[in-house]
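# got a structure for you, letters missing:
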Ligand code: FPP
């Protein structure tokens, strides 16, 4: 197998962590056991990305639509999240990781928000990888909110509507200041974007694997990176043009 080129890794990796439920079902276990195993994978992948020098890692941990799941599952996921954030802050400090959340924070239980606040504050001085969890996140909702903010600013005379361009729009999203993802990984064989970073994924390379999230490991991550390294990113240009000036 080809070796990984450490100079051609994605600067920003985004992941849709899917298949916890199926992983559990295949083993006649409760869905929550799949989520627990999924958290272990999160730990491994965060650590590995940080070790490899990935600048930004964004994980889809809970969608705006996931609130519709059975109450017991939502409750268990929130408990896992709280436990994860509390438990990982020390390791984030050791690995120089900065913690961040995108999504509708006001929907989350107060105790989860308190842990988030604490982790963001403690890790704010770190300069290594930015770890972003998407929680109660929906991309359409994010874009509607951005349009509303810009419309409000225009109505208040703070900005000229003609000044609203791609940069201004990007800057009004939760991901303001974060470069767009270079690679998106989705596990468990589903080939959908599921309302995740719709604007930000415009030129992102997409990688789908049949492996369920609890079984995704360092080797699977390396496989995804090798595949990424075999792609030619043209950003609308021709191959010949790319030889002359890399975007
Ligand atoms: C998809 O599996 C996964 C989720 C809805 C949530 C992802 C959550 C975790 C990995 C655990 C908590 C996260 C952190 C960061 C501590 P699914 O339940 O949709 O699986 P299925 O499609 O097989 O049912």
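The structure has been received and is ready for your questions. Keep in mind that what you see is a predicted model, and the values were worked out from it rather than measured. Numbering: from 1, shown residues only.

# Please count neighbours and contacts with C-alpha atoms only from this point.
OK.

# Return the set of residues that bridge with residue 183.
Beta-bridge pairing for residue 183 (DSSP bridges): residue 13, residue 205.

# Would you check that my belief about it contacting residue 12 is correct?
Yes: counting by C-alpha atoms under 8 Å, residue 183 touches residue 12, with 6.8 Å between them.

# Three-state assignment for the residue lying closest to residue 142 once chain neighbours are set aside, please.
Among residues not flanking residue 142 along the chain, residue 173 sits closest, at 6.3 Å (C-alpha to C-alpha, 6 or more residues apart in numbering). Under DSSP: H, G, I helix; E, B strand; the rest coil, residue 173 falls in the coil class.

# pretty sure residue 173 contacts residue 141?
No: look at residue 173 against residue 141 with C-alpha under 8 Å: they stay out of range, at 10.1 Å.

# Which one of the two is surrounded by more residues?
Comparing residue 173 with residue 141 by other C-alpha atoms under 10 Å, the one with more neighbours is residue 173, at 23 against 14.

# Looking at strand pairing, list the partners for residue 130.
Beta-bridge pairing for residue 130 (DSSP bridges): residue 56, residue 98.

# So which bits of the chain are right by the ligand?
Taking C-alpha under 6 Å from any ligand atom as the criterion, the chain approaches the ligand at residues 17-22, 35, 38-39, 61-62, 77, 80-81, 84.

# quick one: contacts for the residue nearest to residue 142?
By C-alpha atoms under 8 Å, 6 or more residues apart in numbering, the contact set of residue 173 is 142, 143, 145, 146.

# Residues touching the helix or strand of the chain with the lowest mean pLDDT, excluding its own?
Across the helices and strands of the chain, mean pLDDT, DSSP states H and E gives its lowest value to helix 239-244, namely a mean of 80. Helix 239-244 has contacts (C-alpha under 8 Å, 6+ apart) with residue 234.

# all helices for this protein, in order.
In the chain, the helices defined using DSSP state H lie at 20-26, 31-52, 71-94, 110-123, 139-155, 166-170, 218-229, 239-244.

# Dump the ones you listed to CSV, plus distance to residue 205.
Converted to CSV, the helices of the chain look like this (distance: least, C-alpha to C-alpha, whole Å):
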stretch, distance to residue 205
helix 20-26, 24
helix 31-52, 17
helix 71-94, 27
helix 110-123, 29
helix 139-155, 18
helix 166-170, 19
helix 218-229, 7
helix 239-244, 16
